[in-house]
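Asks: Quick one, structure for this:
(2 chains)
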Number of protein chains: 2
Amino acid sequence: MNPVPTSENSSPPVYREIAEALRSAIASGELSDGDRVPGENDLMKRYGVARATARQALAVLINEGIAVPIRGSGVYVRTFRPVRRHGARRLSRDQWGNGRAIWQTDAGDRPFETDGVGVGEVPAPDYVARALGLEEGAPVVRRRRRYRLDGRPIQLAVSYLPAALAAGTRIAEPDTGPGGVYARLAELGHAPARFTEEIRVRMPSPDELDLLELRPGTPVLDVMRTALSAADRAVELNEMTLDGSAYVLQYDFDA
Amino acid sequence: MNPVPTSENSSPPVYREIAEALRSAIASGELSDGDRVPGENDLMKRYGVARATARQALAVLINEGIAVPIRGSGVYVRTFRPVRRHGARRLSRDQWGNGRAIWQTDAGDRPFETDGVGVGEVPAPDYVARALGLEEGAPVVRRRRRYRLDGRPIQLAVSYLPAALAAGTRIAEPDTGPGGVYARLAELGHAPARFTEEIRVRMPSPDELDLLELRPGTPVLDVMRTALSAADRAVELNEMTLDGSAYVLQYDFDA
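Replies: Below you'll find the predicted structure:
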C-alpha cells in the first residue's frame, strides 16, 4: 500500500501496528472528537503486549497531535475544533471596509479576544525595512498582540507599519477602531489593494511554547503577510505565529 | 520584549539564553547556511557552563530545525534551500496549457525527479468521494508518487480522479505526457478553472518519517487541493504531504 519502498522490508514493530489500528479507527470516525482512546491496560489485553509497547503506541498518536493525554484520566481524541482561516475572504475589502474585524471572519460565533496588546514606535529591523522598502532603522509603528479563541491562545502577531504613514494616527493606538488597521489605512489614502502571504512551518521556540501554551511536539505555522497599496507601496508587514494544531488555512484561486 | 507576560517571571534557564544568542547569530547572518555552530566545548568555555547545559542549548536549535547535527562532525546551520511554492502561479493555465510540468515552476533550475509512481483504479474512500461529489466506493483513478529535489525526498502526493473521466485515458498511465494531468483533463473538456488548497500541519506518521527521510522533530504540511472545472465539477483531489523544513508556501491575492 506504500507509494514507494519503505526503508525496511521486515514487518513494522508491533507498537506501530497498534498505532496504525488506532489511527484508522479515528480516521473512520469509529473514534471521534473527544472520545477516550483505549488505554494501556486495554491495549495490553487486546493485543497481548507489554505495557511499554502499549505506551509507545499511544505516544505515536500523541506526537502526531491526533490524541491528547489528560493527566489522571486517559488519552482522548483531540477536541479543539480548528479555525478555518480563509486566506482571501477574510482580508476582502468587504470586511474591513464595513467595519468588521478580520478576526470575526475566522471565529464565526465562537468567542475570541486579544490580549497583551503593545503598540510603540521602534527602529525597523533589517528584514522589516526590506519588506517595507524603508532604510534600515527607519521608524516603524509596531503592534503586538495575542489572539485567543474559546479561551485558548492560538496566535501571536506583530505588525509593522511605516511611521511616516501611521505615527500619530489611530493605528498607533491600542484600539484602532472599526475595521481595524486596514480601514484606517484606507482613510489615509493607502488602502491595501493586494496581499502576499508566505507560510513556513517549524517547531516553536521556548517563548512561543509558553505564550501559545502548546503541548510538546506541536509545530507552529509562521505566516508573513505583506499588504500593498494600489500604488504598489508596502504599507504593512504582519508576522503571525499560529498554533499549528488550531488552524486549517484555505486559499482559493483561479487556474 | 515579550508581547504578553510569560508563564514565569524569573529569568530563563541558562541553556535558553545560550540558544537565544545562537539563534540571533543565525537570524542576523553572522552564522549562515552551512556554517558550523559553536560546539559543546566552545560553549562550555565561552559561557562557563557544564556540558549538559551546552548540549541542551544546541538541542533547542536542532529541535527548531534551524541547525542540523552531522554525526562525528558537529552542528551546522541547515543547508537545504527551501522550495518556494507559489500557490497560484504554478497552477496557472499558462503553465500546464503550454506543456510545462507544475514542478518546473517550483524547482527552477534545480534537479527534480519523481519516483515510486503507482497508478491504479480503486473504490473511492469516504472523504475522497465526498470531495469529488461521487457515491462512496465509486471507482476513482489513484496516482501516487514521491518527489525529490536536489536528491532529497520532499513530497508525497496521492491524486484521485473520477474513473468516469480518467479511466482508459493517459491520466491512468504512469507518464501523463506534457503538461500532465491538467493538460489531459483540458483535452477531455474538463480543464481545471479554479482550485482550493487547504493547509494543515502536524507531526509525521512513522511511514512518512521513513518515506520523506525526515529528521526527528520535523513537522509535515498537508496540502489538500481540489480542482474544479468551469462547470463547477470537482475533477481532481490531490493530497500532498510536504517535508515542512523544505518549503515556503506563497499565496498572493487581492483585497
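Asks: ok, which residues in the stretch 51-200 of chain A are in contact with chain B?
Replies: By Cβ under 8 Å from any Cβ of the partner chain, the residues of the stretch 51-200 of chain A that approach chain B are A:60, A:63-66, A:82, A:87-88, A:91-93, A:115-116, A:118, A:126, A:144-146, A:156, A:158, A:182, A:191-200. Heads up, the C-betas are built off the backbone N, CA and C, glycines and all.
Asks: Now with 7 Å, please.
Replies: Contact residues, the stretch 51-200 of chain A versus chain B (Cβ under 7 Å from any Cβ of the partner chain): A:60, A:63-65, A:87-88, A:91-93, A:115-116, A:118, A:144-146, A:156, A:158, A:192-200.
Asks: so where do the strands sit in chain A?
Replies: Ranges of strands in chain A, per DSSP state E, are A:36-37, A:67-70, A:74-77, A:83-86, A:112-123, A:139-149, A:152-162, A:192-202, A:220-229, A:234-243, A:247-254.
Asks: could the ones you listed go into CSV alongside mean pLDDT?
Replies: Listed next are these as CSV, based on pLDDT from 0 to 100:
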stretch, mean pLDDT
strand A:36-37, 92
strand A:67-70, 82
strand A:74-77, 88
strand A:83-86, 88
strand A:112-123, 93
strand A:139-149, 96
strand A:152-162, 96
strand A:192-202, 95
strand A:220-229, 96
strand A:234-243, 97
strand A:247-254, 93
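Asks: Mind checking the ones you listed for the one nearest to B:Asp210?
Replies: Shortest separation from B:Asp210 across those is recorded for strand A:192-202, at 19.6 Å, computed as Cβ to Cβ.
Asks: mind listing what's buried in the closest one?
Replies: Of all the residues in strand A:192-202, those buried under the rule 16 or more other Cβ atoms under 10 Å in any protein chain shown are A:192-193, A:195-197, A:199-202.
Asks: One more: stretch A:97-112?
Replies: A:100-103, A:105-107, A:112.
Asks: Determine which two of the buried residues of strand A:192-202 are furthest apart.
Replies: A:Ala193 and A:Arg202 (30.4 Å).
Asks: mind giving me the domain ranges of chain A?
Replies: A:14-77, A:83-250 (automatic domain parsing).
Asks: so of those, which one's packed in deepest?
Replies: Here the criterion is mean neighbour count by mean count of other Cβ atoms under 10 Å in any protein chain shown, and of the domains of chain A the winner is domain A:83-250, at a mean of 18.
Asks: on that earlier part again, who wins for proximity to B:Leu43 among the strands of chain A?
Replies: strand A:192-202 (22.3 Å).
Asks: helices and strands around the closest one, which ones?
Replies: Applying 3 or more Cβ pairs under 7 Å, 6 or more residues apart in numbering or on different chains; DSSP states H and E, we find strand A:192-202 packed against strand A:220-229, strand B:247-254.
Asks: got a list of contacts for it?
Replies: A:87, A:91, A:182, A:185, A:219-230, A:235, A:244, A:249, B:64-65, B:199, B:201, B:219, B:221, B:244, B:248-255 (Cβ atoms under 7 Å, 6 or more residues apart in numbering or on different chains).
Asks: if we go to 6 Å?
Replies: Contacts of strand A:192-202 with the rest of the structure, by Cβ atoms under 6 Å, 6 or more residues apart in numbering or on different chains, involve A:91, A:182, A:219, A:221-230, B:64-65, B:201, B:219, B:221, B:244, B:248-255.
Asks: Ok, stretch A:46-57 next?
Replies: Against stretch A:46-57 from outside (Cβ under 6 Å, 6+ apart): A:14-15, A:18-19, A:40, A:43-44.
Asks: swap in stretch A:229-237?
Replies: So stretch A:229-237 is contacted by A:128, A:131-133, A:159-161, A:185, A:190, A:193, A:226-228 (Cβ under 6 Å, 6+ apart).
Asks: The longest helix seen in chain A - contacts with which helices or strands?
Replies: What stands out as the longest helix in chain A, according to DSSP state H, is helix A:14-28. Applying 3 or more Cβ pairs under 6 Å, 6 or more residues apart in numbering or on different chains; DSSP states H and E, one finds that helix A:14-28 contacts helix A:51-63.
Asks: Could you give the separation of the helix it packs on from the chain centroid?
Replies: On the basis of Cα atoms, centre = their mean, to the nearest Å, helix A:51-63 is displaced by 26 Å from the centre of the chain it belongs to.
Asks: between it and strand B:192-202, how big is the angle?
Replies: Angle, helix A:51-63 to strand B:192-202, by axes from the mean of the first three to the mean of the last three Cα atoms, to 10 degrees: 140 degrees.
Asks: Distance from stretch A:81-90 to the middle of the chain?
Replies: Stretch A:81-90 has its C-alpha centroid displaced from the chain centroid by 10 Å (Cα atoms, centre = their mean).
Asks: how much space between the residue in the stretch 51-200 of chain A that chain B sits nearest to and A:Arg143?
Replies: Residue nearest to chain B within the stretch 51-200 of chain A: A:Gly116 (2.8 Å; Cβ to the nearest Cβ). Counting by Cβ to Cβ, to the nearest Å, the separation of A:Gly116 from A:Arg143 is 11 Å.
Asks: shared neighbours, those two?
Replies: The overlap between the contact sets of A:Gly116 and A:Arg143 (Cβ under 6 Å, 6+ apart) is empty.
Asks: I'd like to know how far the residue of chain A most remote from its centre sits from chain B.
Replies: The centre of chain A is farthest from one residue, A:Gly48, which by Cα atoms, centre = their mean lies 39.8 Å away. According to Cβ to the nearest Cβ, to the nearest Å, A:Gly48 stands 21 Å off from chain B.
Asks: Now do the phi/psi pair for that residue.
Replies: Main-chain torsions, A:Gly48, degrees, to the nearest 10: phi 60, psi 40.
Asks: Then A:Arg100?
Replies: In terms of degrees, to the nearest 10, the main-chain angles of A:Arg100 are phi -90, psi 140.
Asks: Now it: closest residue in space, sequence neighbours ignored.
Replies: Among residues not flanking A:Arg100 along the chain, A:Gly179 sits closest, at 6.6 Å (Cβ to Cβ, 6 or more residues apart in numbering or on different chains).
Asks: Nearest residue to A:Ile171 in space, please, no chain neighbours.
Replies: Closest to A:Ile171 by Cβ to Cβ, 6+ apart is A:Arg184, at 5.1 Å.
Asks: contacting residues for the one you found?
Replies: Counting by Cβ under 6 Å, 6+ apart, A:Arg184 has contacts A:170-171, A:176.
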